[in-house]
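Undergrad: Need a 3D model of the sequence below.
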Amino acid sequence: MRQKAFLLLMVMIGNFILLSACAAPEVSSEPTEPISPITIGDDLTLIDVCQAIPPEDIEAVMLVKLSNPPSPYAYRNTEGTSGCYYEGSYDNTTPDVQFAYVVLTPLEAYDNQTLYQNEEVSGIGDQAYFNGPPDKRELWVKIENKVAFVVSFGDVPKEKGAKALAKLMVEAIQ
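TA: Here you go, the predicted structure:
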């Protein structure tokens, strides 16, 4: 009888641990390094976003080291963009490799996104919203009717970190 009670207790504890892990809150840190000033001109493709954003800021949000140097990234099927792609090292906490990208885009990209599970965000730029599925939320920000940008951390949700990085981007854009 004691053995059955012990086994039942162990199953209950295991279920509790499993359910707790599945419902775990987002875990990330906030970036602290300032982003180099970014001067917006007529041609966004001339801006080196990888040079402007310290890799330490991305690593702070991901909570893993980058596996490769940051690389230039153009937002899918959108002309006139300039961005940077980051790939995190595998850390055994998720089945997938974490990634991030930050891309400056023309205003049309902000205004013409296909909205899916979008959510307005206040306090960043002139307008902002999260868009996309939970495993790869994109934070879109519009600034002074002159430029937009998107920040995304993927395969592990990092909305808090994306907001903090977006605020640093807004401070850096001139």
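
Undergrad: what's downstream of the host helix or strand of Ser152, the next helix or strand?
TA: Per DSSP states H and E, Ser152 falls inside strand 147-154. Counting by DSSP H and E, the element after strand 147-154 in chain order, helix or strand, is helix 159-172.

Undergrad: Helices of this structure, start to end?
TA: 2-22, 49-52, 55-62, 107-111, 159-172 (DSSP state H).

Undergrad: and the shortest one, which residues are buried?
TA: Using 16 or more other C-beta atoms under 10 Å as the burial criterion, the residues of helix 49-52 that qualify are Val49, Cys50, Ala52. Just so you know, the C-beta spots here come from the backbone N, C-alpha and C atoms, and that holds for glycine as well.

Undergrad: Nearest to Pro157, out of the residues you listed: which one, please.
TA: Nearest to Pro157, judged by C-beta to C-beta, of the buried residues of helix 49-52 is Val49 at 22.2 Å.

Undergrad: where in this protein is pLDDT low?
TA: For the chain, applying pLDDT under 70 flags the ranges 1-28, 91-95.

Undergrad: Let's see that with 90 instead.
TA: 1-30, 32, 64, 76-77, 89-98, 114, 133-136, 144-145, 154-157, 174 (pLDDT under 90).

Undergrad: picking that back up, what angle separates the strand holding Ser152 from helix 159-172?
TA: 150 degrees (axes from the mean of the first three to the mean of the last three C-alpha atoms, to 10 degrees).

Undergrad: partners of strand 147-154, with directions?
TA: strand 99-105 (antiparallel), strand 138-143 (antiparallel) (DSSP bridges).

Undergrad: Tell me which residues are up against it.
TA: Defining contact as C-beta atoms under 8 Å, 6 or more residues apart in numbering, one finds that strand 147-154 is touched by 28, 40, 44, 61-62, 75, 83, 98-107, 109-110, 132, 135-143, 161-162, 165-166, 169, 173.
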